[in-house]
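Visitor: Whatever this is, show me its structure:
(one chain, ligands or ions: 2)
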Amino acid sequence: MLISLGDAVARLQQGDIVALPTETVYGLAGIALNPQTVHKIYSLKGRPSYNPLIVHVSSIEHAEELAEFNDLARKVCDEFWPGALTIVLPKKKCVPSEITAGGNTVALRSPAHPLFREVLDLVKQPLAAPSANPSNRTSPTEAAHVLELFGENAPPVLDGGPCRLGMESTVLDLSVSHPRILRYGPVKPEEIEDILARKVELPNGCEPGDKSMQKSPGTGTTHYAPKTPLLLFENINDLKACKPSDTDWFIFPQKTDLPHEMMGFIDHIFFLSENGKVEEIAQNLYKVLIEADKKGANRLIALLPNQKNDQLYLAIWDRMNRAGKALGIG
Ligand code: TXA
Ligand code: MG
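Guide: Ligands and ions are numbered 1, 2, ... in the order given. Just a heads-up that it's a prediction; the model follows:
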């Protein structure tokens, strides 16, 4: 069911959960300081209780009420908020342990989407919001995706149109002595390093092509995954060697990546972008995975984008690798 802004605000104030648009992906939102509401979010998502939620706030001032800020945190928030950067800091007492999965830190983000910001201003309370998908499935970038992914259990959705970035925020841990990126996203490591004037640690084993990430327990959970097995290839010759057939569907970064001899499959191909622009690939990735998953294919076969001149490809490879793990690649 699609609902109005006023209805969304009223439901949130009653302690209910609603799906809201952000500039990254749709979020499953509820009042963060209400443990019962937080419990409803975990239960609808089927999310393991050890995985904490992000708290969304309208300003740095509000964030400072919830966490122990430091200079590095102020610097990145001044630069990237409102926006697609989540920071992890030591939590203050007022933050219930339900939302932090029992931990001493809290993840905070001030989203840029005008509708989400309007809701925050009207509700006047911080909102917890994980991505609005059942645990481990592909994140929704349109209101219709939320309805489809949850089916009859779907929460009411405030439709804000397609998400501008299409990929979850970058998560930066500032609760430790060396800042570390925990999840790649739209804000790039080099942009953060420029603002902090120091190096940041990168996620363990998430380097593109590093298959150890898929084997290491702990980081080995399947995420962002379609139900159809997804095979990933770094180069077109390996892709052709997997004997494509017309029971398969294909995902290519752009039209020019399509080899002549695969033209026969043109009706079974999704393109992530018109011209290989990395922002467009990121924006379309989940939409394409969700659409491709509905085709009833035996396999989804994807060519990884190769735009290594732009660090946004790190986030794209990370998500595609996790989605592809369903088949145990590597
Ligand atoms: O763009 C986004 O971040 C979206 C929109 C809705 O804001 N939200 C989102 O939330 O992606 P979620 O719950 O799907 O992903 C949050 C990530 C998880 O990987 C979680 O483990 C991590 O942030 N996280 C949350 N709290 C944390 C904490 N205290 N310490 C370390 N990681 C944390
Ligand atoms: Mg998520």
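Visitor: Please make it C-alpha for all contacts and neighbour counts, starting now.
Guide: Will do.
Visitor: Count the neighbours of the residue nearest to P259 when sequence neighbours are not counted for me.
Guide: Closest residue in space to P259, ignoring its immediate chain neighbours: I236 at 7.9 Å, by C-alpha to C-alpha, 6 or more residues apart in numbering. For I236, the count of nearby residues is 15 (other C-alpha atoms under 10 Å).
Visitor: Can you report phi and psi for I236?
Guide: With angles defined as degrees, to the nearest 10, I236 sits at phi -70, psi -30.
Visitor: State the pLDDT value of it.
Guide: We have a pLDDT of 90 for I236.
Visitor: Could you number the chain from 46 rather than 1 from now on?
Guide: Let's use 46 as the start, then, which means that last one is I281.
Visitor: Tell me which helix or strand comes right after whichever strand or helix holds D123.
Guide: Secondary structure assignment for D123, by DSSP states H and E: helix 116-125. For helix 116-125, the succeeding helix or strand toward the C-terminus, using DSSP H and E, is strand 130-135.
Visitor: strands paired with that next one, and their directions?
Guide: Paired neighbours of strand 130-135 in the sheet (DSSP bridges): strand 150-154 (antiparallel), strand 215-218 (parallel).
Visitor: Of all these, which one is nearest ligand 1?
Guide: strand 150-154 (4.0 Å; C-alpha to the nearest ligand atom).
Visitor: wait, P66 sits on H158?
Guide: Yes: the criterion here is C-alpha atoms under 8 Å, and P66 meets it with H158 at 7.0 Å.
Visitor: Near A173, how many residues? Count them for me, please.
Guide: When neighbours are counted by other C-alpha under 10 Å, A173 registers 27.
Visitor: quick check, stretch 93-108 touching ligand 1?
Guide: Yes: using C-alpha under 6 Å from any ligand atom, stretch 93-108 reaches ligand 1 at 96-99.
Visitor: now stretch 226-244
Guide: No: judged by C-alpha under 6 Å from any ligand atom, stretch 226-244 and ligand 1 are separated, with a smallest distance of 6.8 Å.
Visitor: one step back: strand 150-154 and the helix holding D123, what's the angle between them?
Guide: With axes from the mean of the first three to the mean of the last three C-alpha atoms, to 10 degrees defining the directions, helix 116-125 sits at 20 degrees from strand 150-154.
Visitor: related to what we said a few turns ago, my read: the residue nearest to P304 touches I346, true?
Guide: No: with contact defined as C-alpha under 8 Å, I281 does not reach I346; the gap is 10.9 Å.
Visitor: so L47 touches V202, yeah?
Guide: Yes: using C-alpha under 8 Å, L47 is in contact with V202, at 4.8 Å.
Visitor: Which one of those two is surrounded by more residues?
Guide: Neighbour comparison, L47 and V202: the larger count goes to V202, with 27 against 16 (by other C-alpha under 10 Å).
Visitor: show me where the stretch 96-245 of the chain has strands.
Guide: 99-101, 130-135, 150-154, 172-173, 202-203, 215-218, 225-228 (DSSP state E, counting those that start in this stretch).
Visitor: what element comes up after the helix or strand bottoming out on mean pLDDT in the chain heading to the C-terminus?
Guide: The weakest-scoring helix or strand in the chain, judged by mean pLDDT, DSSP states H and E, is helix 257-260 (a mean of 38). Following helix 257-260 in sequence order, the next helix or strand is strand 275-278 (DSSP H and E).
Visitor: So which other helices or strands are in contact with that following strand?
Guide: Strand 275-278 sits against strand 344-348, helix 357-369, with contacts defined as 3 or more C-alpha pairs under 8 Å, 6 or more residues apart in numbering; DSSP states H and E.
Visitor: What's the per-residue pLDDT of K256 here?
Guide: pLDDT, K256: 45.
Visitor: go on, K339?
Guide: Reading off the model, K339 has pLDDT 95.
Visitor: Contacts only, for it.
Guide: Shown in contact with K339 (C-alpha atoms under 8 Å, 6 or more residues apart in numbering): no residues.
Visitor: rewinding a little: deepest-packed of the strands paired with strand 130-135, please.
Guide: Ranked by mean neighbour count, the strands paired with strand 130-135 are led by strand 150-154 with a mean of 27 (mean count of other C-alpha atoms under 10 Å).
Visitor: What lies in contact with it?
Guide: Strand 150-154 has contacts (C-alpha under 8 Å, 6+ apart) with 98-102, 108, 112, 126-136, 140, 144-145, 220.
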